[in-house]
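[1] sequence and predicted structure below; questions after.
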Amino acid sequence: MVNRLRIALVLLTLVLVTALLLPAQLIFLWCDWPARRRLPRLWHRIACRLLGLKVHVHGRVETERPLMLVSNHVSWKDILVLGAIADVVFVAKAEVRDWPVFGVLARLQSTIFVAREEKRRAGEQANEIGRRMAAGEIVVLFPEGTTSDGNRLLEIKSALFGAATSALPASPTGIVHIQPVSIAYTRVHGMPMGRYHRPIAAWPGDVELVPHLLGVLREGAIDVEVDLAPALPYDAKSNRKTTSRMVEGAIRAMLTARLRGR
């Protein structure tokens, strides 16, 4: 009974906060004011606190621009976590636009939607990401293309780094900064999760969203470790596949260390 009341209170509070911030964000989006990037960060911080996500950040977000954050992808909660530590914009598959609730929130944050199955539009979509980066926005890329079980890093798709190439012409220094990021869900109620309890936090694609969300709300205390490696410079001479392997190696090393409790 207590759990149900707490879940109801959390959801009600989140709805009220969203309703309170929504008019301002709509105005910011319509006027294209810089505040449209900052207000979502406040919402994400509040959401993390309400859901019981305790975010521990190791390292710092690169200050140079253009900047792309490249992260492993464990759950929809990754959006809240990264959105709480920096003013970012996400890249999501096109079908997310039509999801109930999450689709609306994604549009309010100016998410870049890409249709991965439409290969002929790949260049156009990469250019859009590149344009947003060149305008000073921090773009978050999940190059695995899907969520994992939280215990490993899936294969990284190097084709997605074409967006960095698209941003090069507008960079005043001729460099795009690519920063590897690792997200590890490590503890629940202060106790180590271990690989068999990671599903409490992880959201693989075959798990329904609502039951998983309710499970997270029931737990109400999950520790998240976010590691940021030094950014890699990417310029006209850089090799996309080589950069992809370097990023993958950095993320894998940070994620493995965190999951092993180091």
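    Looks like it arrived, so ask away. This is a predicted model, so every value here is computed, not measured.
[2] helix or strand next in line after the lowest-mean-pLDDT helix or strand in the chain, which one?
    Scoring the helices and strands of the chain by mean pLDDT, DSSP states H and E places helix 209-219 at the bottom, with a mean of 71. Next helix or strand after helix 209-219 toward the C-terminus (DSSP states H and E): strand 222-228.
[3] average pLDDT for the helix or strand following that next one?
    Where DSSP H and E defines the elements, the next helix or strand beyond strand 222-228 is strand 232-234. For strand 232-234, mean pLDDT is 94.
[4] look up how far Pro180 lies from Phe142.
    According to Cβ to Cβ, to the nearest Å, Phe142 and Pro180 sit 12 Å apart. Any C-beta I mention is one placed from the backbone N, CA and C, and that applies to glycine too.
[5] do Trp76 as well
    Taking Cβ to Cβ, one finds Trp76 at 21 Å from Pro180.
[6] got it, and Glu62?
    In this structure, Glu62 and Pro180 are 11 Å apart, going by Cβ to Cβ.
[7] which of those two has more neighbours?
    Pro180 (25 against 19; other Cβ atoms under 10 Å).
[8] okay, now the closest residue to that one other than its chain neighbours: neighbour count?
    Leaving out its chain neighbours, the residue that sits closest to Pro180 by Cβ to Cβ, 6 or more residues apart in numbering is Ala250, at 3.8 Å. Residues lying near Ala250 (other Cβ under 10 Å) number 21.
[9] numbering from 329 from now on, please.
    In the new numbering, first residue 329, that becomes Ala578.
[10] need the residues touching each of Glu390 and Pro508.
    Both Glu390 and Pro508 are contacted by Leu556, under the criterion Cβ atoms under 8 Å, 6 or more residues apart in numbering.
[11] would you map the helices across this protein?
    330-359, 363-379, 405-413, 430-436, 450-462, 490-495, 537-547, 568-587 (DSSP state H).
[12] for Glu553, which of the ones you listed is the nearest?
    Closest of the helices of the chain to Glu553 is helix 568-587, at 4.7 Å (criterion: Cβ to Cβ).
[13] what's next to the closest one, contact-wise?
    Residues contacting helix 568-587 (Cβ under 8 Å, 6+ apart): 398-400, 471, 479-481, 484-487, 489-490, 492-493, 506, 508-512, 514, 523, 553, 555, 557, 560, 562.
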